[in-house]
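Student: sharing a model prediction with you, sequence too.
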There are 2 protein chains.
Amino acid sequence: MELTPIAQKFIVHWGEMGEKWGINRTVAQIHGLLYLSPEPLNAEEISDTLSVARSTVSVGLHELESWGIIRVVHTLGDRTDRFEIKGDVYEMFRFIVEYRKRREVDPTLGMLREAMVELEAGGDPHTREKIGEMLALFETSDSLYRQIQKVSTQTIVRIAKMGDIVSKILKFFPE
Amino acid sequence: MELTPIAQKFIVHWGEMGEKWGINRTVAQIHGLLYLSPEPLNAEEISDTLSVARSTVSVGLHELESWGIIRVVHTLGDRTDRFEIKGDVYEMFRFIVEYRKRREVDPTLGMLREAMVELEAGGDPHTREKIGEMLALFETSDSLYRQIQKVSTQTIVRIAKMGDIVSKILKFFPE
DNA sequence: CCGTGATTTCGATCTTTACCGAAAGAACCG
DNA sequence: CGGTTCTTTCGGTAAAGATCGAAATCACGG
């Protein structure tokens, strides 16, 4: 499949950007390609378009599936697995955040909590204070995240798109 | 310098966690060590404690300085550069977010804006729609971020620590 | 302006990670 | 059941990234 120059630019940039955030470049590119594609693609089309090995595409697709942001589609008269992006950009964003939080933030939260338990049963006061502060940051963020998680995408978008939303909120919480 | 088992665990975990977010493990470890340290450390102490080459520490410290989260301290009768964490965990968090946003999100925003300009001057409608949606997500996030950025850490912490904050906010924005 | 100690630079390794492609494995058809 | 087509696994290789340590540079006191 041929890509327009703009599509190419987007996909390449997406790959580089992903890399900086600890995401495999090829995986990010596959994601970018699927995102732009008007219809579901199969592994071979992706492989051809991005010039990467079929096997690499296979692995990448599974990775994206495990994040929950793409799905398999089957169409009549086509034996190949075709893939498409699930939901809109906002949902996608939420899925990615959720996935990374669960795999990377939650374990840290666990570690900090354990450390805190041990430190409270006698440990260096300075360490206790520092770990305590960090734990507080993580707990607060976690709690905020959980609350926001419950709100529908629709509601979030609606509110986020109102101009000057933060100052409006601040008015409700005076000094 | 000797580390307690808890400090070790924290620093090691911090390093691994950093790696997953595209941060050099050693840099993250240096950061973790400085975070726990009751007083400023010089490069050699860090090098010894973490068992990494002196030069690697030097580079790592500069990296952390460029993020704006550590500072150099000089004390009388000591010719070495000593380093310490700047501000509390919340400020640290803000600095890191700011740094990464500027270097990694802003360029993407730029790319999307450019792409959108080109697409509006005639381009595939589907691509235009998809890039448009992604751009909207980035613009909304960017705008939200800029608004929050202006609010003092103090205020954010105060509000964040109130229980159930999100549902309180939602009450002000009925359907 | 020399000497000492601290710091940084930089090329050479070492380690990790990504990627390929051949072969094995599934799913499906007749 | 073979045969066909699609998918996955996996060992080897290549590329990228991290780390080291020697040498260059810098900073400052005497």
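Tutor: Nice, I can see it. Just so you know, these numbers come straight off a predicted model, no measurement behind them.
Student: what packs against the lengthiest helix in chain A?
Tutor: Criterion DSSP state H: the longest helix present in chain A is helix A:125-150. In terms of contacts (3 or more CB pairs under 8 Å, 6 or more residues apart in numbering or on different chains; DSSP states H and E), helix A:125-150 is packed against helix A:89-100, helix A:106-120, helix B:5-20, helix B:25-36, helix B:89-100, helix B:153-160, helix B:165-171. Any C-beta I mention is one placed from the backbone N, CA and C, and that applies to glycine too.
Student: the fourth one near DNA strand D at all?
Tutor: Yes - shown here: helix B:25-36 in contact with DNA strand D (CB under 7 Å from any atom of the strand) through B:R25, B:T26, B:V27.
Student: neighbour count, pLDDT and distance to DNA strand C for the residues you listed - can I get that in a markdown table?
Tutor: Shown next, in a markdown table, are those (neighbours: other CB atoms under 10 Å in any protein chain shown; pLDDT from 0 to 100; distance: CB to the nearest atom of the strand, whole Å):
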| residue | neighbour count | pLDDT | distance to DNA strand C |
| --- | --- | --- | --- |
| B:R25 | 17 | 98 | 9 |
| B:T26 | 20 | 98 | 12 |
| B:V27 | 21 | 98 | 14 |
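Student: including distance to B:Y145, could the residues you listed go into TSV?
Tutor: What follows is the residues of helix B:25-36 next to DNA strand D, written out as TSV (distance: CB to CB, whole Å):
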residue	distance to B:Y145
B:R25	27
B:T26	29
B:V27	24
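Student: between those, which is closest to DNA strand D?
Tutor: B:T26 (3.3 Å; CB to the nearest atom of the strand).
Student: wait, isn't A:K161 in contact with B:T140?
Tutor: Yes - counting by CB atoms under 8 Å, B:T140 is a contact partner of A:K161 at 6.4 Å.
Student: where does chain A dip in pLDDT?
Tutor: Scanning chain A for pLDDT under 70 picks out A:175.
Student: check which helix or strand covers A:V72.
Tutor: strand A:70-73 (DSSP states H and E).
Student: tell me which of the helices and strands packed on helix A:125-150 is the most buried.
Tutor: Highest mean neighbour count of the helices and strands packed on helix A:125-150: helix B:25-36, a mean of 23 (counted as mean count of other CB atoms under 10 Å in any protein chain shown).
Student: which is the next helix or strand following that helix?
Tutor: Helix B:25-36 is succeeded, C-terminally, by strand B:41-42 (DSSP H and E).
Student: so what does the helix or strand that that next one is followed by touch, helix or strand wise?
Tutor: Note on strand B:41-42: by DSSP H and E, the next helix or strand toward the C-terminus is helix B:43-50. For helix B:43-50, the elements it packs on are helix B:25-36, helix B:54-67, judged by 3+ CB pairs under 8 Å, 6+ apart.
Student: closest one to chain A among those helices?
Tutor: Distance to chain A, taken as CB to the nearest CB, is lowest for helix B:25-36 among the helices and strands packed on helix B:43-50, at 5.4 Å.
Student: for that closest one, name the packing helices and strands.
Tutor: Short answer (3+ CB pairs under 8 Å, 6+ apart): helix B:25-36 packs on helix A:125-150, helix B:5-20, helix B:43-50, helix B:54-67, strand B:82-85.
Student: which residues touch the closest residue to A:A43 other than its chain neighbours?
Tutor: Distances taken as CB to CB, 6 or more residues apart in numbering or on different chains put A:V57 closest to A:A43, at 4.8 Å, once the chain neighbours are dropped. Applying CB atoms under 8 Å, 6 or more residues apart in numbering or on different chains, we find A:V57 in contact with A:T26, A:I30, A:A43, A:I46, A:S47, A:L50.
Student: so the last one touches A:A28, yeah?
Tutor: Spelled out, that is A:L50. No - applying CB under 8 Å, one finds A:L50 not in contact with A:A28, separated by 10.8 Å.
Student: and the residue located most distally from the centre of chain A, which of the three is it?
Tutor: In chain A, counting by CA atoms, centre = their mean, A:G122 sits farthest out from the average C-alpha position, at 38.7 Å. Following DSSP: H, G, I helix; E, B strand; the rest coil, the label given to A:G122 is coil.
Student: that one and B:H13, how far apart?
Tutor: Here the criterion is CB to CB, to the nearest Å. By it, A:G122 lies 21 Å from B:H13.
Student: got it, and A:Y35?
Tutor: On the measure of CB to CB, A:Y35 and B:H13 end up 33 Å apart.
Student: same question, A:I148
Tutor: 26 Å.
Student: same question, A:L3
Tutor: For A:L3, the distance to B:H13 - CB to CB - is 41 Å.
Student: could you do A:R158 as well?
Tutor: From A:R158 to B:H13 the distance is 39 Å (CB to CB).
Student: in the longest helix of chain A, what counts as buried?
Tutor: Applying a neighbour-count criterion of 16 or more other CB atoms under 10 Å in any protein chain shown, one finds A:127-128, A:130-132, A:134-138, A:140, A:143, A:147 buried in helix A:125-150.
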